[in-house]
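Colleague: Turn this into a structure:
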Amino acid sequence: MAHWGMFEAESDGAEVTAVHPYPGDGDPSPILANAVGSVRHRSRIAGPAVRRGWLENGPGPSDRRGSDEFVAVSWDELADLLAGELRRVVDTHGNRAIFGGSYGWSSPGRFHHAQSQVHRFLKMLGGYTRSEHSYSLGATGVIMPRVVGTHWKMFARSTNWEVIARETDLMVCFGGVPLKNTAVNDGGTSHHPTRGALDAMRARGGRIVSLSPLRDDLHGEAEWLAPRPGTDVAIMLACAYVLADEGLADLAFLDRYCTGYEVFEQYLLGKADGVAKTPEWAAALSGLPADTIADLARRMAKGRTMISVTWSLQRVRHGEQAPWAGITLAAMLGQIGLPGGGFGHGYGSMNEPGLAPVPYPLPTLFQGQNPVSDSIPVAAISDLLLNPGQEYDFDGQRRTFPDIRLVYWAGGNPFHHHQDLGRLRRALARPDTIVVHDPYWTQMAKHADIVVPSTTSLEREDLSCTRNDPLMVAMHAATPRFADARDDYDTFAALARRLGFGERFTEGRTAGQWIEHLYGQWRGYVLADGGEAPEFDEFWLRGHVRMRTEDELTLFEEFRADPEANALRTPSGKIEIFSADIDGFGYDDCAGHPRWYEPEEWLGGRRAEAFPLHLIANQPKTRLHSQLDHGATSQGSKVQGREPIRLHPDDAAARGIADGDVVRVFNDRGACLAGAVLDEGVRERVVQLATGAWFDPLDPADPSSMCVHGNPNVLTADVGTSSLSRGCTGQHVLVQVERFDGELPPIRAYDPPTVRPR
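Modeller: Residues are numbered from 1 along each chain as shown. Alright, predicted model coming up:
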């Protein structure tokens with residue numbers, strides 16, 4: 001099982017030579033092909049290594065990270081060095097001086113999950129500073145619990161695709177429903193139903209409107225509206241204005257199920273600030289005709305309408321506003337809790353929303369409690385490292401960044417997720433020690449002091465399942481371990497023994513015994529539910545077991561049926577269109593109700609005079625994040641070895657750029673090279689460059705060096721969504737593009753650094 005699908009692998013005894021999708025998957029992902037040749041790729045880390053400067057000079061800040069050479073060491077020496085450094089930091093600075101970053105998807109396995117392993121280990125060590133929420137959903141994770149009392153339910157128990165296909169008359173998709181993103185699920189997936197559901201809805205006569213600057217953000221026939229990026233909230237507000245002004249809002253629903261609509265309406269009609277949020281007002285901001293916006297609102301009120309907001313819309317400054325405004329608009333229509341109507345957040349963002357959940361807990365490695373209370377918003381890693389002792393706002397609290405001396409990273413690549421990579425590299429120069437577990441020489445591994453070579457999921461056994469997929473899958477090893485790589489569990493067990501809690505960490509179990517133990521726990525839940533699950537040995541031989549799923553779900557159906565008995569976990573028990581709590585925080589960048597904030601990075605502002613193109617840094621079509629960027633599917637999309645950037649033909653012609661040219665993409669933060677692809681399905685003055693190309697600086701010693709491979713995070717701003725959530729804002733950035741006429745530098749992203757013998 002992989003994040004992008006269930007498959008069978010062929011191996012020659014050392015390498016994966018072919019993959020075959022699960023026959024039960026009607027729409028398997030082409031990303032599966034990236035696994036072929038990945039076990040023995042030249043970018044694999046062959047054995048334990050320590051950065052020469054750290055080994056010779058000891059722990060301390062260093063600007064050599066990312067450009068220094070490494071020294072090969074034995075496993076015993078690495079474990080001794082690492083255990084000693086952990087003990088030094090804890091004894092000298094305390095456990096809050098350790099940051100357990102470990103953000104990333106890593107393996108879909110339930111046991112060999114890097115985040116679970118490292119967090120369990122660090123908690124037993126005495127604790128660590130942790131991160132909260134995710135780069136994908138930083139704003140949503142804070143705003144939705146305050147508005148509807150939940151975050152995860154918006155995805156895990158969303159309205160099923162089958163219900164939408166059967167019941168929805170009009171699906172209005174802010175951000176589209178990008179089919180490429182539905183290839184993946186964090187715990188693996190055995191079925192990709194989105195394409196079929198959209199086709200079935202259209203065949204029944206349902207209509208789809210996609211509001212996005214990219215035509216292919218929605219599969220198949222749809223009405224494409226291409227607004228100026230960053231103006232979705234203005235369009236939502238204008239639609240809400242039409243509903244209010246023309247008497248189309250469901251006031252009975254708003255009164256019974258919501259609180260604060262009256263305050264919001266004062267803002268909407270312009271009585272609070274003197275600016276009515278009319279279609280004409282939104283047209284000036286968005287570039288869409290006012291009549292088109294008004295007509296869309298009236299069409300919403302005529303039938304069963306689903307308002308869908310992708311996750312991408314909250315990965316911008318003031319990202320809290322899009323999901324908040326979307327659910328407010330759905331509430332005004334009065335269809336929340338009705339089959340096929342209401343609100344959806346994340347359709348097309350991952351292969352989870354719209355899929356039926358399983359009704360019982362999944363097997364999970366117990367991590368225990370973290371004795372350290374310090375935490376940061378996940379997208380504030382550079383702020384944390386650069387500003388020890390600095391106070392900041394977050395979700396109504398006033399917090400302080402601790403002084404981090406050791407960063408422990410396993411299972412992720414911040415050079416994919418994080419913004420302003422020049423700033424990140426300067427931040428990574430500050431700690432005393434950086435430890436990285438990784439199968440590959442990613443840039444994060446190259447910036448480490450202690451490098452721990454990990455196995456991939458193809459080299460070990462595990463269980464795989466997720467909360468919105470019916471299969472529990474036995475993950476058999478496809479190949480032996482590469483070179484001197486080890487499972488993270490074995491590494492942490494060795495460290496725990498040296499630090500005095502080995503038995504507590506392992507509980508006397510090998511990895512195989514843990515897998516059988518976790519399966520047994522899960523099997524107990526299934527049997528108690530009246531289901532069937534074989535003994536472990538039979539399961540392992542069979543390869544998978546089907547679980548019961550909760551079909552025919554409609555989001556908030558129970559709440560609609562009885563809002564008193566099924567009150568939401570908000571202060572009012574209702575949908576909080578106006579939140580007195582948020583209003584009381586007094587933030588100037590997040591008020592107590594949804595509202596329009598002018599973005600810094602958009603085509604309607606003064607910054608666009610210097611950087612006149614709006615870059616959409618979205619998720620890639622040919623890989624998951626940056627994983628297996630060297631694989632065949634990912635490499636097949638490159639242009640002269642660079643990540644492709646899509647431009648409208650008119651924008652390309654104005655710059656003398658032809659299809660297939662290498663271009664320089666730049667702003668005042670940095671620059672990268674990319675390969676031009678001309679596409680009329682991109683709105684004029686918009687360019688699209690996916691995230692995930694492995695960062696490849698022209699000069700590894702220079703934090704501000706141009707990336708020659710096409711990583712857009714050399715361009716994006718390292719600022720949070722707002723004082724409320726401080727979520728990631730990496731989706732939008734203003735740039736200029738020019739043809740690159742110089743000598744093309746080689747791609748070295750996948751080349752290992754120099755590793756000398758001891």
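Colleague: State the three-state secondary structure for the closest residue to Ser43 other than its chain neighbours.
Modeller: The shortest distance from Ser43 to any non-neighbouring residue, by C-beta to C-beta, 6 or more residues apart in numbering, is to Tyr750 (4.2 Å). Heads up, the C-betas are built off the backbone N, CA and C, glycines and all. Following DSSP: H, G, I helix; E, B strand; the rest coil, the label given to Tyr750 is coil.
Colleague: these two touch, right, Gly543 and Val473?
Modeller: Yes - counting by C-beta atoms under 8 Å, Gly543 does reach Val473; the two are 7.1 Å apart.
Colleague: who touches Gln640 in this structure?
Modeller: Gln640 makes contact with Gly660, Val662, Gly675, Leu744, according to C-beta atoms under 8 Å, 6 or more residues apart in numbering.
Colleague: just the residues you listed now: which is nearest Asp169?
Modeller: Gly675 (41.6 Å; C-beta to C-beta).
Colleague: backbone phi and psi for the residue lying closest to that closest one once chain neighbours are set aside, please?
Modeller: Leaving aside its chain neighbours, Gly675 sits nearest to Val639 (2.1 Å; criterion: C-beta to C-beta, 6+ apart). Val639 adopts backbone torsions of phi -120, psi 110, taken as degrees, to the nearest 10.
Colleague: Then the one 10 residues further on?
Modeller: Geometry field for Pro649 lists phi and psi as phi -50, psi -30, criterion degrees, to the nearest 10.
Colleague: what does the model give it for pLDDT?
Modeller: Looking at Pro649, its pLDDT is 98.
Colleague: ok, and the closest non-adjacent residue to it?
Modeller: Per C-beta to C-beta, 6+ apart, closest to Pro649 is Leu678, 4.7 Å.
Colleague: Repeat that for Gly127.
Modeller: Closest residue to Gly127 apart from its sequence neighbours, by C-beta to C-beta, 6+ apart: Val372 at 3.3 Å.
Colleague: I'd like to check which residues are in contact with the residue nearest to Gly675.
Modeller: Applying C-beta under 8 Å, 6+ apart to Val639 gives the contacts Gly660, Val662, Ala674, Gly675, Ala676, Val677.
Colleague: Beta-bridge partners for the closest residue to the first one other than its chain neighbours, please?
Modeller: Using C-beta to C-beta, 6+ apart and skipping the chain neighbours, the partner closest in space to Gly660 is Val639 (6.0 Å). On the basis of DSSP bridges, Val639 takes part in beta bridges with Arg642.
Colleague: related to what we said a few turns ago, who has more neighbours out of Gly543 and Val473?
Modeller: Under the neighbour definition other C-beta atoms under 10 Å, Gly543 and Val473 were set side by side, and Val473 has more, 24 against 15.
Colleague: Which helix or strand in the protein has the lowest average pLDDT?
Modeller: helix 153-156 (a mean of 88; mean pLDDT, DSSP states H and E).
Colleague: which residues sit against that helix?
Modeller: Identification of contacts with helix 153-156 by C-beta under 8 Å, 6+ apart yields 140, 144, 148, 344-346, 350, 352-353, 357, 467-468, 555.
Colleague: List just the nearest of those residues to Gly326.
Modeller: Closest approach between the contacts of helix 153-156 and Gly326, by C-beta to C-beta: His345, at 7.2 Å.
Colleague: And for the closest residue in space to that closest one that isn't next to it in sequence, the neighbour number?
Modeller: In this structure, His345 finds its nearest non-sequential neighbour in Met154, 4.6 Å apart by C-beta to C-beta, 6+ apart. Look at Met154: counted by other C-beta under 10 Å, it has 23 neighbours.
Colleague: how far away is Met154 from Gln314?
Modeller: Relative to Gln314, Met154 is positioned 11 Å away (C-beta to C-beta, to the nearest Å).
Colleague: What of Tyr519?
Modeller: 36 Å.
Colleague: between these two, which one's more packed in?
Modeller: Gln314 (32 against 23).
Colleague: How about the contacts made by the more buried one?
Modeller: For Gln314, the contacting residues are Leu137, Gly138, Ala139, Thr140, Ile143, Glu320, Ala322, Pro323, Thr721, Gly727, by C-beta under 8 Å, 6+ apart.
Colleague: Among the residues you listed, name the ones in strands.
Modeller: Among the contacts of Gln314, no member is found in strands (DSSP state E).
Colleague: Nearest to Gly187 among the residues you listed?
Modeller: Among these, Leu137 lies closest to Gly187 (C-beta to C-beta), at 16.0 Å.
Colleague: show me what contacts Pro545?
Modeller: I think there's a mix-up here, since residue 545 is Val and not Pro. When contacts are counted by C-beta under 8 Å, 6+ apart, Val545 touches Leu471, Met472, Ala533, Pro534, Phe539.
Colleague: Centre of the chain to stretch 750-758, how far?
Modeller: Relative to its chain's centre, stretch 750-758 lies at 31 Å (C-alpha atoms, centre = their mean, to the nearest Å).
Colleague: hmm, who's touching that stretch?
Modeller: Contacts of stretch 750-758 (C-beta under 8 Å, 6+ apart): 41-43, 45-46, 49, 52, 68-74, 77, 441, 446, 629-630, 694.
Colleague: Just the buried ones among those, please.
Modeller: The neighbour count (16 or more other C-beta atoms under 10 Å) marks 41, 43, 45, 49, 52, 68, 70-73, 441, 446, 629-630, 694 as buried among the contacts of stretch 750-758.
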